[in-house]
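**Q** Fold the following, please.
(one chain, ligands or ions: 1)
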Amino acid sequence: MDKKELINCGKVKSVYNSSDDDKVIIEFRDDITAGDGARKEVMTNKGAYNAIISTKIFKVLEENGIETQFVDLPEPNVMIAKKLEMIPIEVIVRNIATGSLVRKYPIADGTRLEPPVVEMDYKDDEYHDPMLNFSLIQALGIATQEEVDILIEKALKINEILRKFFADAGIVLVDFKIEFGKDKDGNIILGDEISPDGCRLWDSETLEMMDKELFRKGKDDEVMDAYIEVYNRIIPDEEKVI
Ligand code: 5GP
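**A** Predicted coordinates:
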């Protein structure tokens with residue numbers, strides 16, 4: 001499948017139209033950013049590791065009844081995906097309190113959150129992804145109440161599936177961000193990616209970070225080793241393509 005025109009150049013991924021009107025080609029680049037794009041570096045093969053990790057996670061979710069955008073991974077950093085109209089909401093699920101939650105609210109870092117906290121942010125770097133509630137979602141004309149209910153229900157189900165999946169690999173799924181879109185029939189489908197860029201992942205034994213938080217904290221030289229460790233733990237040898 002050939003790339004046609006670029007339809008969206010994000011901070012770490014480029015999305016192209018393809019010869020099939022219902023599919024897009026997503027190139028995972030080697031860029032890594034923090035602070036709404038304020039800091040940016042390039043890390044060799046980061047795009048491929050994220051694309052392969054995302055592919056694995058999307059396949060696990062599909063096996064567990066969650067429809068995703070994933071179609072194929074023809075090259076290590078190139079994904080073919082269903083074309084979706086993305087909903088500009090970042091759905092965040094938290095199992096352990098940390099990050100912006102403990103900066104904004106009186107909850108101690110490391111507190112287990114049971115039931116998990118679901119948060120929705122407006123995806124817009126210019127406004128620094130402000131937190132939403134349903135009233136604001138309505139005012140912005142982003143989604144209906146019924147659609148918001150579907151986002152929350154799917155996010156919690158995804159959390160249950162992935163918590164177990166990562167636990168089996170000796171990794172704690174602390175929190176993560178996901179995004180959804182609508183297909184041409186209006187179905188809400190999981191899109192974007194699920195990778196160490198948008199998840200907090202801690203080693204179950206040592207609680208060491210294995211995700212982009214290392215970059216956010218300036219530990220740039222530890223980032224790729226952490227991503228490769230996640231890759232090695234969750235991708236079986238026969239599925240390793242790099
Ligand atoms: P926090 O709100 O604590 O900074 O982030 C919560 C979780 O959502 C973390 O796993 C973080 O990686 C993810 N997250 C929140 N906003 C973004 C975003 O704009 N981009 C990415 N890649 N991840 C995000």
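**Q** what about the top helix by length along the chain, distance to the chain center?
**A** Looking across the chain with DSSP state H, the single longest helix is helix 145-168. Per Cα atoms, centre = their mean, to the nearest Å, the displacement of helix 145-168 from the mean C-alpha position of its chain is 12 Å.
**Q** Over to stretch 178-192?
**A** From the chain centre to the centre of stretch 178-192 is a distance of 14 Å (Cα atoms, centre = their mean).
**Q** near the ligand, anything from it?
**A** No - in terms of Cβ under 6 Å from any ligand atom, no part of stretch 178-192 sits within range of the ligand; the closest distance is 8.8 Å. Using the backbone N, CA and C atoms, a C-beta is placed for each residue, glycine as well.
**Q** Could you look up the SS state of Arg139?
**A** Actually, residue 139 is Ala rather than Arg. Secondary structure for Ala139, judged by DSSP: H, G, I helix; E, B strand; the rest coil, is helix.
**Q** Val230 now?
**A** Val230 ends up helix, using three-state DSSP.
**Q** Which residues are in contact with it?
**A** Val230 is in contact with 49, 53, 169, 171, 196, 201, 210-211, counting by Cβ atoms under 8 Å, 6 or more residues apart in numbering.
**Q** domain parsing for this structure?
**A** Split into domains by automatic domain parsing, the chain comes to 3-82, 85-219.
**Q** mind giving me a markdown table with the ones you listed and columns for mean pLDDT?
**A** Shown next, in a markdown table, are the domains of the chain (pLDDT from 0 to 100):
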| stretch | mean pLDDT |
| --- | --- |
| domain 3-82 | 97 |
| domain 85-219 | 98 |
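**Q** Save these as a markdown table, and put in mean neighbour count too.
**A** Shown next, in a markdown table, are the domains of the chain (neighbours: other Cβ atoms under 10 Å):
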| stretch | mean neighbour count |
| --- | --- |
| domain 3-82 | 17 |
| domain 85-219 | 17 |
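**Q** Return the member of the contacts of Val230 nearest to Asn64.
**A** Lowest distance from Asn64 to the contacts of Val230 (Cβ to Cβ) belongs to Ala169, with 15.8 Å.
**Q** give the contact list for the nearest residue to the closest one once chain neighbours are set aside.
**A** Distance criterion Cβ to Cβ, 6 or more residues apart in numbering; nearest residue to Ala169, sequence neighbours excluded, is Arg233 at 4.1 Å. Each residue near Arg233 by Cβ under 8 Å, 6+ apart is listed here: 169-171.
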